[in-house]
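# Provided below for reference: sequence and predicted model.
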Amino acid sequence: MAALALRGVRKSFGPVEVLSGIDLDIAEGEFTVFVGPSGCGKSTLLRMIAGLEDIDEGEVAIAGERINEVAPAERGIAMVFQSYALYPHMTVAQNMGFALKMAGQPAKAVEAAVARAAAILQIEPLLSRKPRELSGGQRQRVAIGRAIVRKPAVFLFDEPLSNLDAALRVQMRIELSKLHQELGSTMVYVTHDQVEAMTLGDRIAVFNGGRIEQVGAPLELYTRPANQFVAGFLGSPR
Ligand code: ADP
Ligand code: MG
């Protein structure tokens, strides 16, 4: 059974159709990259999966359960944004533990979960700091830590590295791969960066104008692009 299944998912904003029927099965533990040019609907689809945007038509299912009508906090999904979205008045530890605290978990359990996530990301020395006292890379680690703490069934990443400089992006890519190996979680990662897609993805879905052009392993897309768009976008000769 798919960890995450999308069936005929559609979305329009007013008269403009942004997603025109997305079908995709994502296996448990798979790292799937959604890649495509700016404006092709990647963020909108992630927001629909996370419950931040209504689903006009079609179905989203997690482990076989339809979640279209399930509240965002109940979906077992954690999303990491490009903009970090940390609470400025809270410490790193408070930011990371906030969702568990809101869910009514005892302070000791929250503390333990935060400590575990901080150890995985090697940010223990930052736990008592405020977001303004962190670098961009550190903030993004905290944002990822906040997602880990919730032990989601599915992680969603929306261009999490695009605010970082090039050297740090490369380093964070390696860390994200390690994190995926360590947690073994299902992850969906959105980017418009072809190199990021090719290096991170077990599987890549190439988006264009609200549709998926092709889904496959990086090497498969590179050597056997289904069409001119995929060939051009992933930069392989044809
Ligand atoms: P991507 O993440 O691939 O760059 P988006 O999902 O952000 O693309 O946007 C897809 C299209 O939907 C764009 O044309 C964008 O302008 C439009 N769009 C996104 N959100 C809204 C909204 N809330 N209202 C109207 N149009 C929107
Ligand atoms: Mg986007």
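Structure's in. What do you need? Ligands and ions are numbered 1, 2, ... in the order given.
# got the phi/psi numbers for the closest residue to Ile123 other than its chain neighbours?
Of all residues not flanking Ile123 in the chain, Arg141 sits nearest, at 5.2 Å (C-beta to C-beta, 6 or more residues apart in numbering). C-beta: built from backbone N, CA, C; applies to glycine. Phi and psi for Arg141, reported as degrees, to the nearest 10, are phi -60, psi -40.
# tally of neighbours for Arg141?
Per other C-beta atoms under 10 Å, the neighbour tally for Arg141 reads 24.
# Pro37 too?
Neighbour number of Pro37 under other C-beta under 10 Å is 13.
# what residues are up against it?
His192, Asn208, Phe233 (C-beta atoms under 8 Å, 6 or more residues apart in numbering).
# then Leu127?
Taking C-beta under 8 Å, 6+ apart as the criterion, Leu127 is in contact with Thr91, Val92, Ala93, Met96, Val114, Ala118.
# out of those residues, flag the one nearest to ligand 1.
Ligand 1 lies nearest to Met96 out of those, by C-beta to the nearest ligand atom, at 26.1 Å.
# quick check: Gly232 vs ligand 1, distance?
Gly232 sits 17 Å away from ligand 1, going by C-beta to the nearest ligand atom, to the nearest Å.
# my guess is Leu46 contacts Val188. True?
Yes: if you go by C-beta atoms under 8 Å, Leu46 and Val188 touch, sitting 6.9 Å apart.
# of the two, who's got more company?
More neighbours surround Val188 than the other of Leu46 and Val188, with 26 against 22 (other C-beta under 10 Å).
# the more buried one belongs to a strand?
Yes: per DSSP: H, G, I helix; E, B strand; the rest coil, Val188 lies within a strand segment.
# partner residues bridging it?
Counting by DSSP bridges, Val188 is bridged to Thr32, Leu156.
# next up, the contacts around it.
Leu4, Ile26, Thr32, Val33, Phe34, Leu46, Ile49, Val154, Phe155, Leu156, Phe157.
# same check, this time on Thr199
Arg173, Ser177, Pro218.
# buried ones from the residues you listed, can you make that a PyMOL selection?
Per 16 or more other C-beta atoms under 10 Å, the buried members of these correspond to this PyMOL selection:
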select buried, resi 173+218
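# tell me which entries of the contacts of Thr199 lie within helices.
Members of those lying in helices (criterion: DSSP state H): Arg173, Ser177, Pro218.
# next, count neighbours for Met198.
18.
# how about the residues of the protein by ligand 1?
Phe13, Val18, Gly36, Ser38, Gly39, Cys40, Gly41, Lys42, Ser43, Thr44 (C-beta under 6 Å from any ligand atom).
# coming back round to it: from the contacts of Pro37, which land in helices?
Phe233.
# all helices for this protein, in order.
With DSSP H, the ranges of helices along the chain come out as 42-50, 92-102, 107-121, 136-149, 166-183, 194-200, 218-223, 228-233.
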